[in-house]
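Asker: here's my sequence, what's the structure:
(chains A, B and C)
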Amino acid sequence: RTGEMAKLTQLIDNEVFRAYATYTTIVLIKMMLMSVITAFFRFRRKAFANPEDVSSFGKGENAKKYLRTDADVERVRRGHLNDLENIVPFLGIGLLYALSGPELSTALLHFRIFAGARIFHTIAYLTPLPQPGRGLSWAVGYVVTISMAYNVLKTGLYL
Amino acid sequence: RTGEMAKLTQLIDNEVFRAYATYTTIVLIKMMLMSVITAFFRFRRKAFANPEDVSSFGKGENAKKYLRTDADVERVRRGHLNDLENIVPFLGIGLLYALSGPELSTALLHFRIFAGARIFHTIAYLTPLPQPGRGLSWAVGYVVTISMAYNVLKTGLYL
Amino acid sequence: RTGEMAKLTQLIDNEVFRAYATYTTIVLIKMMLMSVITAFFRFRRKAFANPEDVSSFGKGENAKKYLRTDADVERVRRGHLNDLENIVPFLGIGLLYALSGPELSTALLHFRIFAGARIFHTIAYLTPLPQPGRGLSWAVGYVVTISMAYNVLKTGLYL
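Answerer: Down below sits the predicted model:
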């Protein structure tokens, strides 16, 4: 058993894999923050989706008026869904890229630009900043992911 | 080739990794069940989203009336989206955590609590149970994921 | 360090893992395409979700009229969400399956059918093709994922 454990630990000791682990954890925690921000705006705006969520605000019509959509809540939710749509590909393609043996400096460049672009995307969405700020940050993360995908297929294509 | 295969098999033979594989598969299958439950309610409530889905119910206005939202269908869909928002971070951070060489007992504790919390979350959402049942089960899964993320960054931070 | 790198490279040299890497990258790129198709329809139909996205179309009411939903945009978005709901389980369960030491021919069969089913699903959704085309392609991808999950649990169950 100790031998196997050592081998696994070697994976996390590999610098490219550690960089992948670090930046993936950062962007996933950033994505998880969107849940907390959504909850914050739901309570602040009193805008909920489920009857059981508003029952503590009163009975019948008194509570029902809080079952509504709010522009700020919906904005955070769109940002959260955009994270899912873009961070899921990074999670999968980034892992395969990290395992395909890239140069450490090239890999770091990909991971850092992606994480920076997604953090900026969230700031641009929630502020909101004028376009094309949000659009460009989305595109940067997208292109970085495509670049990693190209490297995975170049290294390991097996159809 | 046989040598490489052996090494891969060793990964699945590692107990922490096997535990991760088991609980990840369980929560992903649970999440996949939400699709079937959505379809069940769509047919039961006759509430569909696409014109081509209702064409067998008749022509023109007869079919169009089934293109509508239904409270129960939307409830299942919210539960499904909440799964995506929370199980995707578990999938990524849990894998990195499993590869960071944690104690088996500590790892099992994380995986079991997360899986239990998400199963309870679905039950609380679909029943629905009064709050704060659903909210607490969401928070428990969230804290477990943050705890794993902290361990990943503590073990392997590489910025 | 060189030794560790070699070991990682061996992972991407393993044929089952390379097949997983290839088909996962393909379905994730296919999913990423949905973002571009959504943007295409948003501009073509002039149907946007955020005030800052329409500010270049004019001021006040002139711009506000483009803050609306459009049937085709919503259709692409439903296809995108369906991808997330189904490709995320494939990403996780497929990785564990690839690491569980399956026969190369069996693994290829799973990966190829899944990728084919999801590509057909998108075509069926966007055309749209009459049902049950889309429903069947969804079911095929679903069953393939369950089959891989069964193999993961059979090989590595650790509760």
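Asker: check the residue lying closest to residue A:113 once chain neighbours are set aside and give its pLDDT.
Answerer: Excluding its sequence neighbours, the residue lying closest to residue A:113 (CB to CB, 6 or more residues apart in numbering or on different chains) is residue A:144, at 5.2 Å. C-betas here are computed from N, CA, C, even on glycine. pLDDT recorded at residue A:144 is 98.
Asker: residue A:13 now?
Answerer: 71.
Asker: tell me the spacing between it and residue B:149.
Answerer: Per CB to CB, to the nearest Å, residue A:13 is found 19 Å from residue B:149.
Asker: more neighbours, the two?
Answerer: Using other CB atoms under 10 Å in any protein chain shown, the more surrounded residue of residue A:13 and residue B:149 is residue B:149, with 23 against 16.
Asker: does the more buried one count as helix, strand or coil?
Answerer: helix (DSSP: H, G, I helix; E, B strand; the rest coil).
Asker: and if you look at residue A:59?
Answerer: Residue A:59 ends up coil, using three-state DSSP.
Asker: can you give me the helices in chain A?
Answerer: For chain A, helices defined by DSSP state H occupy the ranges A:2-13, A:15-45, A:51-54, A:61-64, A:71-98, A:104-126, A:133-156.
Asker: out of those, which one sits most buried?
Answerer: Highest mean neighbour count among those (mean count of other CB atoms under 10 Å in any protein chain shown): helix A:71-98, with a mean of 22.
Asker: so is that one next to chain B?
Answerer: Yes. Contact of helix A:71-98 with chain B (CB under 8 Å from any CB of the partner chain) involves A:80, A:81, A:84, A:87, A:88, A:91, A:95.
Asker: quick one: the fifth one and residue C:86 touch, right?
Answerer: Looking back up the chat, that one is residue A:88. No. In this structure residue A:88 lies outside contact range of residue C:86 using CB atoms under 8 Å: 11.5 Å.
Asker: out of the helices of chain A, the one nearest residue C:72 is which?
Answerer: helix A:71-98 (18.0 Å; CB to CB).
Asker: and the closest one, what other elements does it pack with?
Answerer: helix A:15-45, helix A:104-126, helix A:133-156, helix B:71-98, helix C:15-45, helix C:71-98 (3 or more CB pairs under 8 Å, 6 or more residues apart in numbering or on different chains; DSSP states H and E).
Asker: any chance of those in CSV, with distance to residue B:61 too?
Answerer: Output for the helices and strands packed on helix A:71-98, formatted as CSV (distance: least, CB to CB, whole Å):
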stretch, distance to residue B:61
helix A:15-45, 37
helix A:104-126, 40
helix A:133-156, 40
helix B:71-98, 21
helix C:15-45, 25
helix C:71-98, 17
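Asker: between those helices, which one is closest to residue B:19.
Answerer: helix B:71-98 (7.6 Å).
Asker: mean confidence score for that closest one?
Answerer: Helix B:71-98 comes out at a mean pLDDT of 97.
Asker: next, the angle from it to helix B:104-126.
Answerer: Angle, helix B:71-98 to helix B:104-126, by axes from the mean of the first three to the mean of the last three CA atoms, to 10 degrees: 170 degrees.
Asker: picking that back up, who wins for proximity to residue A:60 among the helices and strands packed on helix A:71-98?
Answerer: helix B:71-98 (16.7 Å).
Asker: nearest residue to the residue in chain A that chain C sits nearest to in space, please, no chain neighbours.
Answerer: Scanning chain A for proximity to chain C using CB to the nearest CB identifies residue A:158 as nearest, at 3.8 Å. Nearest non-adjacent residue to residue A:158, counting by CB to CB, 6+ apart: residue C:18, 3.8 Å away.
Asker: distance check, that neighbour against chain B.
Answerer: Going from residue C:18 to chain B by CB to the nearest CB, to the nearest Å gives 11 Å.
Asker: again with residue A:52
Answerer: For residue A:52, the distance to chain B equals 5 Å [CB to the nearest CB].
Asker: also residue A:24?
Answerer: The value you get for residue A:24 to chain B, if CB to the nearest CB is used, is 6 Å.
Asker: same deal with residue A:46?
Answerer: The spacing between residue A:46 and chain B, counted by CB to the nearest CB, is 15 Å.
Asker: and the pLDDT at that residue?
Answerer: At residue A:46, pLDDT is 95.
Asker: same question, residue A:63
Answerer: In this model, residue A:63 is scored at 85, pLDDT.
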